[in-house]
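Chemist: Build me a model from this:
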Amino acid sequence: MAATRRLARIRADILERTRLPDGSMVVALSGGADSSALLAIAALERREVRAIHIHHRQPHSERAATAAAATARMLGVSLDVVTVDVAAGSGFEHRARAARYGALSACIDSPAWILTGHTLDDLAETVLMRLARGSGLDGLSGIPETRPPYQRPFLRVRRSETRELCVLAGLPFYDDPTNTDERFLRNRIRRRLIPVLVEAFGTDPSEKLAASALELQRERGFLDRLAVEVEVEVAAGEASVVLSALDSIDPVLVSRVLRRMWMMLGFEHPLEAQPVARVMSVLAGSSRAAQLGGRAVAEVRDGRLRIRLDDGPDEVEIGPGHARPASFRLGRFRVDAMHGDGPAEFPLSLWQLTLPGGPLPERLIMRWARPDDEIGAIGITGLLEEAGVGDRKAWPVVEMGGEVVWVPGVRRIGWESGGETGYLSLVASEESVWGTSTR
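Modeler: Okay, here's the model as predicted:
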């Protein structure tokens, strides 16, 4: 009886903080506690709802599918299971997420909201991750509550509450083992950082972080509605706006226009605070052009501010044929190469790579990172994500003989000198504006 009363109470408490959209709904049912609880709440409201489970063909996928099917059956909700193929290799989580969202969108053949089970805890963890990246208002507002056709009704509900509801209701949810894998930054924040913050503050800051993020989402929406009044033209890989239109508005709105131009060029991640500052320096006349993330350049030309995709090379050859010293450029990144005397020295900075002296045995190039790249059997996509790199398609790697040996600022392969005399030193730098090094 006590369990029944508690179940009724937690259902009521969760429903009070859950914002279900009007119209038909499709719940992305992973089989975990969060999405299972969301489906239970939606079904409780007697609304038009069905569920879709994405099967990733991974070792644990069958158990998740079984849990999802059992939950849907208990709640009397129809379930479609869609199988996606995600090739093994580096960056699996990122590619699985893209495949999952693509499959969900493809399954909707009529106007409907797709609901995901992201919780208050997910929102707080995202804010902490974005805070370290300096991504401004877009980053600090975290996971969007609404981005049609997706809606996340549980951003005011704790993860512990979804789990308790499922336990009390007897829903057979499945715990994904990757949620405890501390190779992923989000899991380290969840399992290590937040407990430290609880100890430091004497209380869990997650609710305050989430509330702040939701408030910032409302403020961002207001600013974006004002910024959309500035006309932006997009053509041939370039977004541009008349300078006089920017001169007449507040700098805060200028930054919103810049971020809108960025997204209109098709970039996946928001424009971070540092690149915005670089564009502001161009507008102020402090520099004639600025290199941004995502292989883009901002410049003033013919009375317009223009953000265009960098049309430079996809790779540059560092060796073995070049004389030393020499400098090489790829987008906003530069590598300076020089010879030194004595045995090879292993540098402390991750922005430097030391190779044995003498003629290089194989071709040495700097190129843009690819989703399937690995360094020492570790996926580069995950390394860049954990390093706080926003646009992971625009970060360089150095490859020798077909193998990645260096991700500047992130990871390198150790090198045994083998007693050779002399060494080749490569020093990388990331440039904020033409000729001005930031590292």
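Chemist: list the buried ones in stretch 256-265?
Modeler: Residues of stretch 256-265 classed as buried by neighbour count (16 or more other Cβ atoms under 10 Å): Arg256, Val257, Leu258, Arg259, Arg260, Met261, Trp262, Leu265. For glycine as for every other residue, the C-beta is placed from the backbone atoms N, C-alpha and C.
Chemist: Tell me if I am right that Ser327 is in a strand.
Modeler: Yes. Ser327: assigned to a strand according to DSSP: H, G, I helix; E, B strand; the rest coil.
Chemist: my guess is it meets Ile318, correct?
Modeler: No. The criterion here is Cβ atoms under 8 Å, and Ser327 misses it with Ile318 at 10.0 Å.
Chemist: Those two: who's more crowded?
Modeler: Set Ser327 next to Ile318 and count neighbours by other Cβ atoms under 10 Å: Ile318 wins out with 22 against 11.
Chemist: helix/strand/coil for that one?
Modeler: Ile318 - assigned by three-state DSSP - is strand.
Chemist: What distance do you get for it to Asp341?
Modeler: To Asp341, Ile318 is 20 Å away according to Cβ to Cβ, to the nearest Å.
Chemist: ditto for Gln217
Modeler: 58 Å.
Chemist: shared neighbours, Ser327 and Ile318?
Modeler: Val335, Ala337 (Cβ atoms under 8 Å, 6 or more residues apart in numbering).
Chemist: which element is Val404 on?
Modeler: Under the criterion of DSSP states H and E, Val404 resides in strand 403-407.
Chemist: chain center to the following helix or strand past that strand, what's the gap?
Modeler: Remark: after strand 403-407, the chain's next helix or strand is strand 411-412, criterion DSSP H and E. Distance of strand 411-412 from its chain centroid, counting by Cα atoms, centre = their mean, to the nearest Å, is 21 Å.
Chemist: Let the chain start at 54 from now.
Modeler: I'll keep to 54 as the first residue from here, and by that count the last item is strand 464-465.
Chemist: what's the next secondary structure element after strand 464-465?
Modeler: Following strand 464-465 in sequence, per DSSP H and E, is strand 476-486.
Chemist: which helices and strands sit right next to that next one?
Modeler: helix 326-336, strand 342-345, strand 386-393, strand 405-409, strand 489-490 (3 or more Cβ pairs under 8 Å, 6 or more residues apart in numbering; DSSP states H and E).
Chemist: Go again with 7 Å.
Modeler: helix 326-336, strand 342-345, strand 386-393, strand 405-409 (3 or more Cβ pairs under 7 Å, 6 or more residues apart in numbering; DSSP states H and E).
Chemist: mind giving me TSV with those and columns for mean pLDDT and distance to Ile247?
Modeler: Below are the helices and strands packed on strand 476-486 laid out as TSV (pLDDT from 0 to 100; distance: least, Cβ to Cβ, whole Å):
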stretch	mean pLDDT	distance to Ile247
helix 326-336	86	24
strand 342-345	80	32
strand 386-393	81	34
strand 405-409	81	34
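Chemist: what would those look like in TSV with mean neighbour count?
Modeler: Formatted as TSV, those follow (neighbours: other Cβ atoms under 10 Å):
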stretch	mean neighbour count
helix 326-336	20
strand 342-345	23
strand 386-393	17
strand 405-409	21
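Chemist: and Leu176, which of these is closest to it?
Modeler: helix 326-336 (20.1 Å; Cβ to Cβ).
Chemist: chain center to the closest one, what's the gap?
Modeler: For helix 326-336, the distance to the chain centre is 21 Å (Cα atoms, centre = their mean).
Chemist: How about stretch 435-455?
Modeler: 13 Å.
Chemist: Quote the end-to-end distance of it.
Modeler: 20 Å (Cα to Cα, to the nearest Å).
Chemist: what about that stretch, average pLDDT?
Modeler: Average pLDDT, stretch 435-455: 78.
Chemist: ok, residues contacting it?
Modeler: Stretch 435-455 is contacted from outside by 143-144, 185-186, 188, 238, 320-322, 325, 346-348, 383-384, 386, 406, 415-422, 426, 433-434, 457-461, 463-464, 479, using Cβ atoms under 7 Å, 6 or more residues apart in numbering.
Chemist: Stretch 113-128 now?
Modeler: 82-84, 89, 92-93, 96, 104, 106, 108, 132, 134, 224-227, 229-230.
Chemist: now with 8 Å?
Modeler: 82-85, 89, 92-93, 96, 104, 106, 108, 131-132, 134, 223-227, 229-231.
Chemist: Between Gln270 and Asp394, tell me which one has more neighbours.
Modeler: Gln270 (21 against 8).
Chemist: Quick one: mean pLDDT over stretch 157-168.
Modeler: So the average pLDDT for stretch 157-168 ends up being 83.
Chemist: Endpoints of stretch 161-179, how far apart?
Modeler: Termini of stretch 161-179 sit 27 Å apart (Cα to Cα).
Chemist: starting at the chain centroid, how far to that stretch?
Modeler: That offset, for stretch 161-179, works out to 16 Å (Cα atoms, centre = their mean).
Chemist: And stretch 358-375, what's buried?
Modeler: Applying 16+ other Cβ under 10 Å to stretch 358-375 flags Leu358, Arg359, Ile360, Arg361, Leu362, Asp363, Val369, Ile371, Gly372 as buried.
Chemist: Tell me how far it lies from the chain's centre.
Modeler: That offset, for stretch 358-375, works out to 24 Å (Cα atoms, centre = their mean).
Chemist: Kindly report the same for stretch 157-165.
Modeler: 24 Å.
Chemist: which residues are contacting it?
Modeler: Against stretch 157-165 from outside (Cβ under 8 Å, 6+ apart): Gly76, Ser77, Met78, Val79, Ala81, Ile105, Ile107, Asp133, Val135, Ile167, Pro202.
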